[in-house]
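1. Show me how the following folds:
(chains A, B and C)
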Amino acid sequence: MADPRFFGLAGPFGLGEIAARIGADLGPGADGAKRITDVHALDEAGPEHLSFLDNRRYVSAFTASRAGACIAEAEMTSLAPAGMAVIVAKKPRLAFARACGLFYPEPEARAGRHASAVIDPSAMLGPLVEVEAGAVVGARAEIGAGCRIGANAVIGDGVVLGEGTVVGANASVSHALVGRGVVIYPGARIGTPGFGFEASAEGVVKVPQLGRVLIGDDVEVGANTTIDRGSGPDTVIGRGTMIDNLVQIGHNVVVGEGCILVALVGISGSARLGNFVVLAGQVGVSGHLHIGDRVVVGPQSGIKDDVPAGAKVMGSPAVPMADYGRALAVIKRLGRKGK
Amino acid sequence: MADPRFFGLAGPFGLGEIAARIGADLGPGADGAKRITDVHALDEAGPEHLSFLDNRRYVSAFTASRAGACIAEAEMTSLAPAGMAVIVAKKPRLAFARACGLFYPEPEARAGRHASAVIDPSAMLGPLVEVEAGAVVGARAEIGAGCRIGANAVIGDGVVLGEGTVVGANASVSHALVGRGVVIYPGARIGTPGFGFEASAEGVVKVPQLGRVLIGDDVEVGANTTIDRGSGPDTVIGRGTMIDNLVQIGHNVVVGEGCILVALVGISGSARLGNFVVLAGQVGVSGHLHIGDRVVVGPQSGIKDDVPAGAKVMGSPAVPMADYGRALAVIKRLGRKGK
Amino acid sequence: MADPRFFGLAGPFGLGEIAARIGADLGPGADGAKRITDVHALDEAGPEHLSFLDNRRYVSAFTASRAGACIAEAEMTSLAPAGMAVIVAKKPRLAFARACGLFYPEPEARAGRHASAVIDPSAMLGPLVEVEAGAVVGARAEIGAGCRIGANAVIGDGVVLGEGTVVGANASVSHALVGRGVVIYPGARIGTPGFGFEASAEGVVKVPQLGRVLIGDDVEVGANTTIDRGSGPDTVIGRGTMIDNLVQIGHNVVVGEGCILVALVGISGSARLGNFVVLAGQVGVSGHLHIGDRVVVGPQSGIKDDVPAGAKVMGSPAVPMADYGRALAVIKRLGRKGK
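-> From the prediction side, this is the model:
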């Protein structure tokens, strides 16, 4: 399926092994020894390929498919065409994502340091660390086992990266303690001083930014995203939080676990987000406020006050989703009357 | 006109040569052999300089100018002061832009690889390629004739750059097939994995992003802009599309030809834009929708539904420009009543 | 207070010296010889630490604190607990910011060029300049005394940096004359060509961008922020202006002195801002307009017309803050009626 210029294909795998490794079951009559060489969409798959059906809208593509195997829900097995083995999963899309990871695994760190990388002698690198061309690792930095530091990335003095963390090309990380399995995409900036100053008679006085950035395990930080370090307290990103590209996170912000922050979101200083909060694209959050657990904020919304846990809000300034819809309807009506 | 610290002046050129090379005509009585040394604004130009008049508001500057030559529309020739030759063009600003390019040409690639550049032995570089200091070119990359790779830029394994393409300083490109004459500005990130994951009982599962980025000829990608690669399908940017700085383009997005995307625009995954679409600054586009050919979207608008070809829309959520104006007027009136 | 992994502690200092250096006075009975080793929050400070009280809400923390010294307003001195010396300041937070700078000074440039830095022989470097690993300095660049060029940063041909200016890791600067004491954070892009082109029968024609970027003294340019060079005129950033992360500034924009531009702001080409203008997060400014001195613009607002000096505006499109509040109230009421 994937372009071999860019993606390395693993396998082939037996159907039984695939099912076991993606946490799914072989359907009735499926031969666990059947050899599968790749993953494909239903309409492109052949007899050695694995596909998936997630949405009943595509049943006709399923019944017409030449795929040798397909991940589907249990009730679909009876509709499978001749020659198609079924792997049964409750969430076929999720199971297929895992199968894709099996056939196209993330490249492992190629242990070793490129000759052009500049690593301070006092830095401590764990086993199997890869440091690519032109990357710079500062004094006393601690780089965990299996980390990958991308080409021309810059890791500042004292930074800690947990095991298996990946830093993309041209990214820079300073003043940060980073967990395990974190992915920092190319061009991300972590640990820059917050936007802190005080007015004085002689103009603006910069406030030294003496905190850090603490990033939990399995966090992703998108390309060209910026996370300022704390001013004294720390800036904190909770475990498993996914941050998209071009997001700004101000100093002292605390983001809980499992949050999703979509591209171009801006979070002002000292705001606190609970766990599993979703901020859609281009949302802005004012400083010093609190957003409760599992809050969902619609795109381009502006959060200017606290939001209670579980709320779904929208608009600038944001209001509960239902109110937003009503106000919008009224405005539309008023606009139309003018015709 | 331009600071010689930064810009190299070509010429001088004869007036006739200039007219021919910018696709314009000498006005009545103009001496094609007249020697022109530089381009200048009307009020700063002298007898050896070329200027232009585009807007009739500036006729008095035109009649008072000491410029030796001026690009203007035909009906202006009779108003030219003594000593000013006129080059006649229907679009004087466009013709002047071309003249500026004649006097201040883009520097050509200085063929050669800086000693500090790191180029994989399996990469294939065409003739006259320049690779600046600290740049990294990955395995099996194919770099077309006359390409310029900026300092500390990173070109990933397998990437293809067409002839004459320029990659700016500190930019990174991976998983991409890039056309000819493309300009990728400093800090742009192309080919990063899309923001793709599935919820599962054990938390978020990342979906391998197995597509590419396909960029057509003559595209520009602004500074610090981010373009994610596809998840299986490709992310596609059509020929001649101009993308400003700090734009986010999600995975599987298809942008047509000749589109203009202004700064801080965000386009969510799998959205499709037709040809010659204009998105003003800070526009947000939701995922999986379609924007037709020649649609124009006003600044800060939010596109949440399909937009038919040719529509002009505005607002968040976006509505036809006329409706937007009416709704705005009503809101203003209501606000004022409160006084 | 600060993590010694990342911050170097200076001192100890005598109380009298601290007061003198932060422009404050010893309170009644305070011993100028008292030895202070660090700065801390009121609830964490011990007998050798300096703290501050800025807000009367925290008086109980003040009276309960074990801090050996505290910066506070004059009227607080009588409430100080036994063992606490008071330093009297009108703006305790400002004075404390200065004290933090005393205990945790910005690291000075470590004069010298890393062996891996690539500096054109024609570049002129002042005394005490530090050029970190992998940085690139172009031909004829002039780097003032005490400048610091971060790892893998790229300084283009002819660029001028004033004394004590700092360029962060992976930043790039071209076509720019930069003042003294400027801080350009990691990943910022300065001097890229503006987004300029003219439509023609054969498609878009790029307009050569022949201006520069002029940056005044003491300006800060945030991480991954982009500032395009002028098209012929220059792009200008006035003295002391603070620009946050991920801000876009278009070609020919003129920003006055002492302005504050918060993250994700976008300013379109040829807009002019007066002095001490504040643009909150995600504000968009259309091209070719004028914003007067001391204007304050609320978050996510869209400026589409000139704004007179001193105005406070909000909304998209922006209106005076009072009108905005009234319109909002009306919309809310209408929305609620629907219930």
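2. make it CA atoms for all contacts and neighbour counts henceforth
-> Noted.
3. Residue A:218 is in contact with residue A:240, isn't it?
-> Yes. The pair residue A:218 / residue A:240 is scored as a contact, 4.8 Å apart, by C-alpha atoms under 8 Å.
4. Look up phi and psi at whichever residue of the stretch 201-339 of chain A sits closest to chain C.
-> Relative to chain C, the nearest point of the stretch 201-339 of chain A is residue A:327 (4.0 Å; C-alpha to the nearest C-alpha). Note on residue A:327: its backbone torsions stand at phi -60, psi -40 [degrees, to the nearest 10].
5. Read off the pLDDT value for it.
-> Looking at residue A:327, its pLDDT reads 82.
6. Then residue A:337?
-> On the pLDDT scale, residue A:337 gets 57.
7. the domain parsing of chain A - what is it?
-> Here the domain parsing of chain A from automatic domain parsing is A:13-103, A:171-323.
8. beta partners for the residue nearest the centre of chain A?
-> Central residue of chain A (C-alpha atoms, centre = their mean): residue A:242, 3.7 Å from the mean position. With DSSP bridges as the criterion, residue A:242 is bridged to residue A:220, residue A:260.
9. ok, it touching residue A:215?
-> No. Counting by C-alpha under 8 Å, residue A:242 does not reach residue A:215; the two are 11.3 Å apart.
10. Helices of chain A, residue ranges please.
-> Here chain A has its helices, by DSSP state H, at A:15-21, A:59-64, A:92-103, A:321-337.
11. Deepest-packed of the ones you listed, please.
-> helix A:92-103 (a mean of 23; mean count of other C-alpha atoms under 10 Å in any protein chain shown).
12. wait, what's in contact with the residue nearest to the centre of chain A?
-> A:219-221, A:258-261 (C-alpha atoms under 8 Å, 6 or more residues apart in numbering or on different chains).
13. now swap in residue A:297 and tell me
-> A:278-280, A:283, A:312-314.
14. measure it to chain B for me?
-> Distance of residue A:297 to chain B, given as C-alpha to the nearest C-alpha, to the nearest Å: 14 Å.
15. State the distance from that residue to residue A:317.
-> Using C-alpha to C-alpha, to the nearest Å, residue A:297 is found at 11 Å from residue A:317.
16. cool, and residue A:91?
-> In terms of C-alpha to C-alpha, residue A:91 sits 37 Å off from residue A:317.
17. ditto for residue A:96
-> Noted for residue A:96: a distance of 40 Å to residue A:317, by C-alpha to C-alpha.
18. Likewise for residue A:105?
-> The gap separating residue A:105 from residue A:317 is 43 Å, by C-alpha to C-alpha.
19. who has more neighbours, the two?
-> residue A:317 (19 against 15; other C-alpha atoms under 10 Å in any protein chain shown).
20. from memory that one sits against residue A:298, does it?
-> No. Counting by C-alpha under 8 Å, residue A:317 does not reach residue A:298; the two are 11.3 Å apart.
21. which stretches of chain A aren't confidently modelled?
-> A:335-339 (pLDDT under 70).
22. let's see 50
-> Counting by pLDDT under 50, chain A has low-confidence residues at A:339.
23. so how many other residues sit close to residue A:197?
-> Residue A:197 has 17 neighbours, counted by other C-alpha under 10 Å.
24. Against chain C, how distant is it?
-> Distance from residue A:197 to chain C, by C-alpha to the nearest C-alpha: 8 Å.
25. Close to chain C: what parts of the stretch 1-150 of chain A are there?
-> A:118, A:134, A:136 (C-alpha under 8 Å from any C-alpha of the partner chain).
26. Quick check: of those, which has the highest neighbour count?
-> Counting neighbours by other C-alpha under 10 Å, residue A:134 leads the residues of the stretch 1-150 of chain A next to chain C with 34 neighbours.
27. which residues does that residue contact?
-> Residue A:134 neighbours (C-alpha under 8 Å, 6+ apart): A:114, A:116-118, A:151-153, B:134, B:136, B:152, C:134, C:152.
28. Between these, which sits nearest residue C:23?
-> The nearest member of the contacts of residue A:134 to residue C:23, counting by C-alpha to C-alpha, is residue C:152 at 38.5 Å.
29. Could you check how many residues crowd around the residue in the stretch 51-200 of chain A that chain C sits nearest to?
-> Nearest residue of the stretch 51-200 of chain A to chain C, counting by C-alpha to the nearest C-alpha: residue A:158, 5.2 Å away. Counted with other C-alpha under 10 Å, residues neighbouring residue A:158 total 25.
30. Quick check: closest non-adjacent residue to it.
-> Counting by C-alpha to C-alpha, 6 or more residues apart in numbering or on different chains, residue A:158 lies nearest to residue A:141, which is 4.2 Å off, once chain neighbours are set aside.
31. Also residue A:81?
-> Closest to residue A:81 by C-alpha to C-alpha, 6+ apart is residue A:63, at 5.4 Å.
32. Residue A:168 too?
-> Leaving aside its sequence neighbours, residue A:168 sits nearest to residue A:186 (C-alpha to C-alpha, 6+ apart; 4.1 Å).
33. Near chain C, which residues of the stretch 151-300 of chain A? Just list them.
-> So far as C-alpha under 8 Å from any C-alpha goes, the stretch 151-300 of chain A lies against chain C at A:152-154, A:157-159, A:170-172, A:175, A:187, A:189, A:192, A:195, A:198-200, A:203-208, A:210-212, A:224, A:226, A:232, A:246, A:248, A:264, A:266, A:284.
34. Now which of these would you call buried?
-> A:152-154, A:157-159, A:170-172, A:175, A:187, A:189, A:192, A:195, A:204-208, A:210-212, A:224, A:226, A:232, A:246, A:248, A:264, A:266, A:284 (16 or more other C-alpha atoms under 10 Å in any protein chain shown).
35. still on that earlier bit, how much space between the residue nearest to residue A:168 and residue A:88?
-> Following C-alpha to C-alpha, the distance that separates residue A:186 from residue A:88 is 37 Å.
36. Residues of the stretch 1-150 of chain A that sit close to chain B?
-> With C-alpha under 8 Å from any C-alpha as the criterion, the stretch 1-150 of chain A comes near chain B at residues A:1-3, A:5-7, A:93-94, A:97-98, A:100-101, A:104, A:133-134.
37. Pick out the most distant pair among those residues.
-> Pairwise over the residues of the stretch 1-150 of chain A next to chain B, using C-alpha to C-alpha, the maximum falls at A:93 and A:134, 38.9 Å.
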